[in-house]
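Novice: Sequence and predicted structure, then a few things I'm wondering about:
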Amino acid sequence: MAGDWLQARVADAPSPLRERLETQVAGLDTAANLPEALVVAACGLLESVRDDLERREAAFDLLVADGLLTLACEAAAFSDPETLAERCQAMGPSGELGRLAEFWLRRE
């Protein structure tokens, strides 16, 4: 189900973006918790680009990470709308995105 859901969401994206999103989620364990898996993928991509933002391709990496986070929120709303606010808070300042923000702030 997760694969079909993701496929439907990215089907109309421009080809390079769609291919990159599909590559990013290909190795994830999306069956267990799709929203969490997408956040992990986005954060991993953001961590990998953090120290190399001057590269032209970095803008594309940031766009892909944004797409992954958008899909994570959509997946959370799709899978269990009653707990969407709770899930978003868990990803927020005290969760994975907060940890990522701290990582970016330590950038030298």
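Specialist: Arrived safely, thanks for sending.

Novice: can we go C-alpha only for contacts and neighbour counts from here?
Specialist: Will do.

Novice: ok, for Leu62, nearest residue in space, not its chain neighbours?
Specialist: With sequence-adjacent residues excluded and distances taken as C-alpha to C-alpha, 6 or more residues apart in numbering, Leu62 is closest to Leu46, at 6.8 Å.

Novice: For the one you found, identify the helix or strand it belongs to.
Specialist: Applying DSSP states H and E as the criterion places Leu46 in helix 34-49.

Novice: Mind checking what helix or strand follows that helix in sequence?
Specialist: Next helix or strand after helix 34-49 toward the C-terminus (DSSP H and E): helix 58-79.

Novice: Tell me where the model's unsure across the chain.
Specialist: Within the chain, the stretches with pLDDT under 70 are 1-2, 30-32, 90-94, 97-98, 100-101, 103-108.

Novice: quick one, what contacts Pro35?
Specialist: Contact partners of Pro35, counting by C-alpha atoms under 8 Å, 6 or more residues apart in numbering, are 71-76.

Novice: unless I'm mixing things up, Ile42 is touching Asp66, no?
Specialist: Just so we're on the same page, residue 42 is Ala rather than Ile. Yes - the criterion here is C-alpha atoms under 8 Å, and Ala42 meets it with Asp66 at 7.3 Å.

Novice: Neighbour count for the two, which is higher?
Specialist: Taking neighbours as other C-alpha atoms under 10 Å, Ala42 and Asp66 compare with Ala42 leading, 28 against 17.

Novice: List the residues that contact that one.
Specialist: For Ala42, the contact set (C-alpha under 8 Å, 6+ apart) comprises 64-66, 68-69.

Novice: what's the closest of the residues you listed to Arg9?
Specialist: The closest of these to Arg9 turns out to be Leu68 (C-alpha to C-alpha; 10.9 Å).

Novice: returning to what we had before: now rank the contacts of Pro35 by neighbours and give me the top one.
Specialist: The residue in these with the most neighbours, by other C-alpha under 10 Å, is Ala72 (25 neighbours).

Novice: and it, what does it touch?
Specialist: The contact partners of Ala72, taken as C-alpha under 8 Å, 6+ apart, are 34-39.
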